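Asks: using only what follows, build the 3D model:
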Amino acid sequence: MFELTQRKANIFRSWINPFISLMFVGSFSLGAFLIVYNTAFGKNPIAEVFTSAIESRTTLPDK
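Replies: Predicted coordinates for the structure are as follows:
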């Protein structure tokens, strides 16, 4: 019984570590891409999306 639980824990660890490292590498790559994109084109797409979402939720509708 203990061996089965230990085996499941080992399998879980063997899948979680690559997943966490992939999330870290992905977020780092996205951040690096956004810095380069902002430097090259002078635009920040994430900020533009947030700005448009905030404006659409906070402005009053026209009558």
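Asks: please, which helix or strand holds the spatially most central residue of the chain?
Replies: In the chain, the C-alpha nearest the mean C-alpha coordinate belongs to residue 27, at 5.4 Å (C-alpha atoms, centre = their mean). Counting by DSSP states H and E, the element that carries residue 27 is helix 2-41.
Asks: chain center to that helix: distance?
Replies: The chain centre lies 10 Å from the centre of helix 2-41; the measure is C-alpha atoms, centre = their mean, to the nearest Å.
Asks: against which helices or strands is that helix packed?
Replies: helix 45-58 (3 or more C-beta pairs under 8 Å, 6 or more residues apart in numbering; DSSP states H and E). For every residue, glycine as well, the C-beta is placed using N, CA and C.
Asks: how far off centre is the helix it packs on?
Replies: Centre to centre, stretch against its chain (C-alpha atoms, centre = their mean), the figure for helix 45-58 is 18 Å.
Asks: mind checking the SS state of residue 62?
Replies: Put simply, residue 62 is coil when judged by DSSP: H, G, I helix; E, B strand; the rest coil.
Asks: please read off the pLDDT at it from the model.
Replies: You'll see residue 62 listed with a pLDDT of 75.
Asks: name the helix or strand of this protein that has the lowest mean pLDDT.
Replies: Across the helices and strands of the chain, mean pLDDT, DSSP states H and E gives its lowest value to helix 2-41, namely a mean of 87.
Asks: quick check: angle from that helix to helix 45-58?
Replies: Per axes from the mean of the first three to the mean of the last three C-alpha atoms, to 10 degrees, the angle that helix 2-41 makes with helix 45-58 is 90 degrees.
Asks: got the buried residues for helix 2-41?
Replies: Under the neighbour-count criterion of 16 or more other C-beta atoms under 10 Å, helix 2-41 has nothing buried.
Asks: so how far is residue 21 from the residue nearest to the centre of the chain?
Replies: 11 Å (C-beta to C-beta, to the nearest Å).
Asks: try residue 54
Replies: Look at residue 54 and residue 21: by C-beta to C-beta, they are 33 Å apart.
Asks: over to residue 42?
Replies: 33 Å.
Asks: do the same with residue 36
Replies: 22 Å.
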